[in-house]
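Engineer: any chance you could fold what I've pasted below:
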Amino acid sequence: MGSDFEETMNHPCHLQHPIILKSEGAPFQCSGCKELGFGPRYQCHETDCPFVLHYHCATARPTDRTRIHLFMGNRRFDFLWEPPGEPNRRYCDACGQDVRGFLYQDQYSKHNFDLHPCCMNLKRTISDPNGTVELNLKDKVPSKCVKCKRKGLNNVQSKEAFRGWSYVSSCGNYCYHVYCVKTLILENWERVISMLLLPPPTLLLQAWSSEVKLYQLQALWPWIEEEGRLDYQSPVR
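Structural biologist: Presented below is the predicted three-dimensional model:
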């Protein structure tokens, strides 16, 4: 982690206790955006308090400057503590999952695009330490996802066919929904834990079976940060 990480802070949504930066631990549900988290997190210093935040959720504020995203053209996104309107009526335009807490929203257009903070901050390109294989973040799903075997996601409230964003190998042969990558990470963390009965010190996770070759890809998610590493094998075709 870089030196710009503040070790301890007081958060407006949890004023009763300070929150402290923790480098690693078990998967968690962020108290801010309600999404899955791995690796570094800000956690309440009281051991019996469950409050925990992704790094990007802990450091963002509604008073921050408007943000833009490469995949969203000139649309401007504001950080909000909670989604406007009725509960469970909005979904992330990147991963397709419900927006239930902290979010970035384009409030200046008719559509009002939404992004989870973790999806707003997804790494554009990830590769193994030797540069053997590379995955690139795309705003489309060019082929069927290796995990779910579909182009579209079924668990989305969108009235139209929803595909969202994906990670695509540089060779173009392998494609994964952002949502499916997150699911793989959790499933295989649980598999490793069930086998070892102890947390792996560097979160070495087997993401899918292979008959070919083992790849070691850097973390797919900003909340895994530099300490996290996933052990991947190329998908069976």
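Engineer: list the helices and strands the strand or helix carrying residue 43 packs on?
Structural biologist: Per DSSP states H and E, residue 43 falls inside strand 41-44. Other helices and strands packing on strand 41-44, by 3 or more CB pairs under 8 Å, 6 or more residues apart in numbering; DSSP states H and E, are strand 14-22, strand 52-53, helix 55-59. C-betas here are computed from N, CA, C, even on glycine.
Engineer: tell me who's in contact with residue 72.
Structural biologist: Contacts for residue 72 (CB atoms under 8 Å, 6 or more residues apart in numbering) come out as 93, 106, 113.
Engineer: wait, which of the helices and strands packed on strand 41-44 is closest to residue 127?
Structural biologist: Smallest distance to residue 127 across those (CB to CB): 21.6 Å, for helix 55-59.
Engineer: where in this structure is pLDDT low?
Structural biologist: 1-5, 87-88, 128-130, 155-160, 192-237 (pLDDT under 70).
Engineer: what about the helices in it?
Structural biologist: Secondary structure of the chain (DSSP state H): helices at 55-59, 117-120, 178-196.
Engineer: domains of this protein?
Structural biologist: Listed by automatic domain parsing, the domain ranges of the chain are 8-59, 60-120, 125-233.
Engineer: straight-line length of the shortest one, end to end?
Structural biologist: By CA to CA, to the nearest Å, the extent of domain 8-59 from end to end equals 11 Å.
Engineer: how far off centre is that domain?
Structural biologist: Domain 8-59 sits 15 Å away from the centroid of its parent chain (CA atoms, centre = their mean, to the nearest Å).
Engineer: heads up, I number from 483, so please use that
Structural biologist: Sounds good: first residue 483 from here, last item domain 490-541.
Engineer: separation between residue 645 and residue 511?
Structural biologist: Distance, residue 645 to residue 511, by CB to CB, to the nearest Å: 25 Å.
Engineer: okay, those two: which has more neighbours?
Structural biologist: Between residue 645 and residue 511, counted using other CB atoms under 10 Å, the more crowded position is residue 645 (19 against 13).
Engineer: from residue 646, how far off is the spatially closest residue to the more buried one that is not a sequence neighbour?
Structural biologist: Distances taken as CB to CB, 6 or more residues apart in numbering put residue 623 closest to residue 645, at 4.1 Å, once the chain neighbours are dropped. Separation of residue 623 from residue 646 (CB to CB) stands at 7 Å.
Engineer: neighbour count winner among the two?
Structural biologist: Neighbour count, other CB under 10 Å: between residue 623 and residue 646, residue 646 has more, with 24 against 21.
Engineer: got the contact list for residue 622?
Structural biologist: Residue 622 makes contacts with 645, 647-648, as judged by CB under 8 Å, 6+ apart.
Engineer: redo the residues you listed as a markdown table? Include distance to residue 636.
Structural biologist: Formatted as a markdown table, the contacts of residue 622 follow (distance: CB to CB, whole Å):
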| residue | distance to residue 636 |
| --- | --- |
| 645 | 11 |
| 647 | 17 |
| 648 | 16 |
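Engineer: could you list every residue that touches residue 561?
Structural biologist: Residues near residue 561 by CB under 8 Å, 6+ apart: 542-544, 546, 549, 584-586, 599.
Engineer: quick one: which of the contacts of residue 554 is nearest to residue 669?
Structural biologist: Of the contacts of residue 554, the one sitting nearest to residue 669 (CB to CB) turns out to be residue 575, at 24.2 Å.
Engineer: alright, I will stop here.
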